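J.: I would like the atomic coordinates for the input below:
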Amino acid sequence: MIGIESKASSSSTSPTASWEAGRRLRPNPRSDTHEATTTPRALSGKIIQNAFLAQHRPQARHSTRYPSDFCALDTRSVHSFQERRLRLAGTSAKWLNTISTAWISSSKQAYISCNAAQGSSDVSSSAKVDFLKLQNGSDIRGVAVGGVEGEPVNLTEPVTEAIASAFAAWLLNKKKADGWRLTLGITTAGHDVLQFGLASTPAMFNSTLTEDEINHLPVDGAIMITASHLPYNRNGLKFFTSAGGLNKADIKDILEHASRIYEDSSHGSTQELEQASKGEVSNVDYMSIYASDLVKAVRKSAGNKEKPLEGLHIVVDAGNGAGGFFVDKVLKPLGAITTGSQFLEPDGMFPNHIPNPEDKTAMKAITQAVADNKADLGIIFDTDVDRSAAVDSSGRELNRNRLIALMSAIVLEEHPGTTIVTDSVTSDGLTTFIENKLGGKHHRFKRGYKNVIDEAIRLNTIGEESHLAMETSGHGALKENHWLDDGAYLMVKLLNKLAAARILNPNVGSKVLTDLVEGLEEASVTVEIRLKIDQNHADLKGGSFRDYGEAVLKHLENSISKDEHLCKAPKNYEGVRVSGYGGWFLLRLSLHDPVLPLNIEAPSKDDAIKLGLAVLTAVSEFPALDITALNKFLQQ
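T.: I've put the predicted structure just below:
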């Protein structure tokens with residue numbers, strides 16, 4: 001089953017949402033052939049369509065909650081073994097022959113129908129597209145809506161359709177080890193569609209793990225279509241199997257094959273593949289299944305009490321993303337009071353604030369909601385609910401280093417001595433807290449939630465126990481939750497702590513959480529300054545910005561070694577991290593952009609300036625580096 005979750009980036013007239021779909025690779029005794037039509041179009045002309053859109057029969061059931069719900073494709077046996085062919089939307093027979101040996105283990109092939117809805121597009125299907133430029137690490141990101149100067153549309157419907165088709169072929173190859181199940185799946189030809197409705201990114205991944213035969217779960221793979229909190233004209237795709245998110249090499253592989261699919265479809269070489277059997281559409285309310293598991297987890301922590309949060313006032317800020325479900329499907333069944341929860345309805349124009357736990361305006365909004373409603377706890381999610389943060393009853397923010405410290409305290413109670421893996425910009429105070437107060441081990445690694453999660457997984461494989469991987473951005477994954485970076489599950493871990501504490505004291509509130517981070521040393525000054533590399537500057541001499549950035553870092557490293565007041569971190573996996581003057585700084589090269597982000601933390605502004613001056617002295621020798629922002633900070 002290929003699951004596809006689509007959360008359109010924005011709409012001025014319709015709510016933004018997330019959807020999920022899946023294709024089950026299994027036989028079915030039915031042998032009827034189904035009529036084909038396309039699913040309803042997406043939310044508005046501004047929204048990119050689903051990558052895989054459903055083929056359905058006229059009598060098929062459709063969800064009406066959102067105009068373009070997530071869908072699941074379910075293969076059916078309608079052709080004999082000898083008649084099997086692999087059908088990919090927009091794929092020529094020539095390309096199919098190419099992949100039949102490279103990606104498909106069987107010499108025979110099955111129909112896989114993945115057709116994107118046709119709609120208005122700013123770029124024709126014959127336009128040249130550099131697919132590899134769509135790669136954003138382990139994700140795909142692009143411009144889906146026109147109208148923004150200097151940002152031409154490159155993630156069109158034909159492009160998305162080609163990418164989805166390439167993922168289908170990639171998934172079939174990856175699943176070849178499943179033997180009989182996959183063989184039967186490849187022999188099928190028709191495809192039934194399961195519409196999952198509004199969903200979150202973590203729920204989409206979770207559907208590859210959920211065992212529910214009645215609802216045709218688990219799916220074999222999933223695509224999340226989301227731009228997260230990026231501007232309305234942006235969109236993107238994330239891919240999952242039960243093993244987790246795809247890596248950079250997988251994404252590159254898929255994009256290269258998608259490019260070939262796109263080129264073939266542009267030349268009209270798909271006519272011979274237009275005749276195929278189609279399936280029917282059914283609805284599955286997967287978010288209720290997913291949410292019920294969260295509810296069960298909290299009840300279990302409270303001795304299976306039906307309403308363990310009864311009497312607690314908890315407000316949620318979903319930022320007009322996909323996290324509004326948490327109020328009705330999780331908190332209310334647990335007995336919590338939720339009045340004052342805000343921005344629960346999806347709207348990709350984000351009319352109230354950007355749904356981002358790192359954003360100051362967003363955190364101010366949830367803090368104000370807690371104060372206005374005299375709530376015990378506030379919870380805020382990012383757009384697709386893979387990140388989160390909290391606010392206690394006093395208005396103290398539990399995000400970034402504090403949230404990592406809180407989660408570390410909870411995890412180390414359950415797994416004493418375990419290693420906590422974080423990204424590179426976490427504070428020295430967090431290291432002291434984890435290692436000296438909690439008795440754990442802090443392993444600071446590279447930025448990027450996938451990097452952090454993969455590092456925790458790697459440590460476990462070599463015998464170093466790790467149960468938590470977290471970024472300061474709010475991404476957090478636990479071993480017990482299949483290393484899924486799930487913002488809702490992080491908040492459930494906090495609720496578990498509250499629920500368990502209320503068994504002993506029914507009047508306990510969020511102070512039980514705040515007490516867990518007592519002793520965390522926090523810097524008075526925290527700043528991030530972005531130093532841009534001018535790629536057109538003569539000093540690059542035709543070289544890449546990455547090579548130039550690495551040269552800057554090397555020079556800084558040499559300069560630091562001569563300064564007795566500064567000490568380079570003994571273990572460092574990214575950039576140059578240096579301690580001194582009671583604080584630290586980290587200068588690193590951005591993963592994707594011509595930028596050197598500089599993070600500084602210090603006990604005072606004077607100390608922060610001393611650290612900044614040390615960086616300025618070294619980088620001033622590189623004229624292609626824009627140091628305007630650093631100078632501005634030093635002159636404040």
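J.: how about low-confidence regions in the stretch 201-350 of the chain?
T.: 266-282 (pLDDT under 70).
J.: One more pass at 90, please.
T.: Along the stretch 201-350 of the chain, the model assigns pLDDT under 90 to residues 204, 207-208, 213-248, 257-258, 260-286, 348-349.
J.: Strands along that one, start to end?
T.: Here the stretch 201-350 of the chain has its strands, by DSSP state E, counting those that start in this stretch, at 221-225, 234-241, 244-245, 281-283, 314-317.
J.: what angle sits between the second one and strand 221-225?
T.: Going by axes from the mean of the first three to the mean of the last three CA atoms, to 10 degrees, strand 234-241 is angled at 170 degrees with respect to strand 221-225.
J.: May I see the domains of the protein written out as residue ranges?
T.: 131-266+276-284, 289-516, 525-635 (the TED database).
J.: Next, the distance between the ends of the shortest one.
T.: Right, domain 525-635. 15 Å (CA to CA, to the nearest Å).
J.: Repeat that for the second one.
T.: According to CA to CA, domain 289-516 extends 31 Å from its N-terminal end residue to its C-terminal end residue.
J.: picking that back up, nearest approach to residue 549 belongs to which of the strands of the stretch 201-350 of the chain?
T.: strand 234-241 (24.5 Å; CB to CB). Using the backbone N, CA and C atoms, a C-beta is placed for each residue, glycine as well.
J.: Partner strands of that closest one and their direction?
T.: With DSSP bridges as the test, strand 234-241 is paired with strand 139-143 (antiparallel), strand 221-225 (antiparallel), strand 244-245 (antiparallel).
J.: okay, the residue nearest the centre of the chain: pLDDT?
T.: What sits nearest the mean C-alpha location of the chain, by CA atoms, centre = their mean, is residue 386, with 5.7 Å. For residue 386, the pLDDT comes out at 94.
J.: Chain neighbours aside, what residue packs nearest to residue 553?
T.: residue 576 (5.3 Å; CB to CB, 6 or more residues apart in numbering).
J.: Would you check that that neighbour makes contact with residue 560?
T.: Yes - contact status for residue 576 versus residue 560: in contact at 7.0 Å, counting by CB atoms under 8 Å.
J.: Of those two, which one has the most company?
T.: It is residue 576, of residue 576 and residue 560, that has more neighbours when counted by other CB atoms under 10 Å, with 24 against 21.
J.: I'd like to know how far the residue lying farthest from the centre of the chain sits from residue 570.
T.: Computed with CA atoms, centre = their mean, the residue of the chain farthest from its C-alpha average is residue 564, at 42.0 Å. Per CB to CB, to the nearest Å, residue 564 is found 17 Å from residue 570.
J.: Surely residue 397 and residue 378 touch.
T.: No - the criterion here is CB under 8 Å, and residue 397 misses it with residue 378 at 9.2 Å.
J.: Find the residues that touch each one of those two.
T.: 367, 390, 391 (CB atoms under 8 Å, 6 or more residues apart in numbering).
J.: rewinding a little: higher neighbour count, residue 397 and residue 378?
T.: residue 378 (31 against 19).
J.: doesn't the more buried one fall inside a strand?
T.: Yes - counting by DSSP: H, G, I helix; E, B strand; the rest coil, residue 378 is found in a strand.
J.: For it, give the beta-bridge partners.
T.: Assigned bridge partners for residue 378, using DSSP bridges, are residue 315, residue 391.
J.: Which strands and helices lie in contact with the helix or strand where residue 632 lies?
T.: Using DSSP states H and E, the element containing residue 632 is helix 628-635. In terms of contacts (3 or more CB pairs under 8 Å, 6 or more residues apart in numbering; DSSP states H and E), helix 628-635 is packed against strand 525-533, helix 605-619.
J.: Run through who's touching the longest one.
T.: Meaning helix 605-619. Contacts of helix 605-619 (CB under 8 Å, 6+ apart): 524-525, 527, 529, 531, 552, 555-556, 559-560, 563, 565-566, 578, 580-585, 587, 596, 598, 600-602, 625, 627, 630-631, 633-634, 636.
J.: how does it look with 6 Å?
T.: The contact list for helix 605-619, computed with CB atoms under 6 Å, 6 or more residues apart in numbering, reads 525, 552, 555-556, 559, 581-583, 585, 600, 602, 625, 630, 634.
J.: Any of the residues you listed buried? List them.
T.: When the contacts of helix 605-619 are checked for burial by 16 or more other CB atoms under 10 Å, the buried set is 525, 552, 556, 559, 581-583, 585, 600, 602, 625, 630, 634.
J.: picking that back up, of the shared contacts of residue 397 and residue 378, closest to residue 252?
T.: Once CB to CB is applied, the member of those that ends up nearest residue 252 is residue 390, at 36.9 Å.
J.: ok, the closest one touching residue 379?
T.: Yes - Residue 390 is in contact with residue 379 according to CB atoms under 6 Å; the separation is 5.5 Å.
J.: ok, those two, which is more surrounded?
T.: residue 379 (31 against 26).
J.: Next up, the contacts around the more buried one.
T.: 316, 390, 491.
J.: now the second one, nearest residue through space, not along the chain?
T.: What it means is residue 390. Spatial nearest neighbour of residue 390, chain neighbours left out: residue 398 (4.2 Å); criterion: CB to CB, 6+ apart.
J.: Surely that neighbour touches residue 380?
T.: No - between residue 398 and residue 380 there is no contact, the gap being 10.0 Å when judged by CB under 6 Å.
J.: Settle it for me: which of those two has more neighbours?
T.: residue 380 (35 against 27).
J.: quick one, what contacts that one?
T.: Contacts of residue 380 (CB under 6 Å, 6+ apart): 317, 357, 366, 389.
J.: cool, residue 442 as well?
T.: Residue 442 neighbours (CB under 6 Å, 6+ apart): 420, 431, 434, 435.
J.: Then residue 427?
T.: Neighbours of residue 427 in contact, by CB under 6 Å, 6+ apart: 401, 601.
J.: how about whichever strand or helix holds residue 513 as PDB, C-alpha atoms only?
T.: Here residue 513, judged by DSSP H and E, is contained in helix 511-514. Extracted C-alpha coordinates of helix 511-514, given in PDB (Å, rounded to 0.1, in the frame of the first residue of the first chain):
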ATOM      1  CA  LYS A 511       4.300  22.800  38.000                       C
ATOM      2  CA  VAL A 512       5.100  19.100  38.100                       C
ATOM      3  CA  LEU A 513       6.600  19.600  34.600                       C
ATOM      4  CA  THR A 514       8.300  22.900  35.400                       C
END
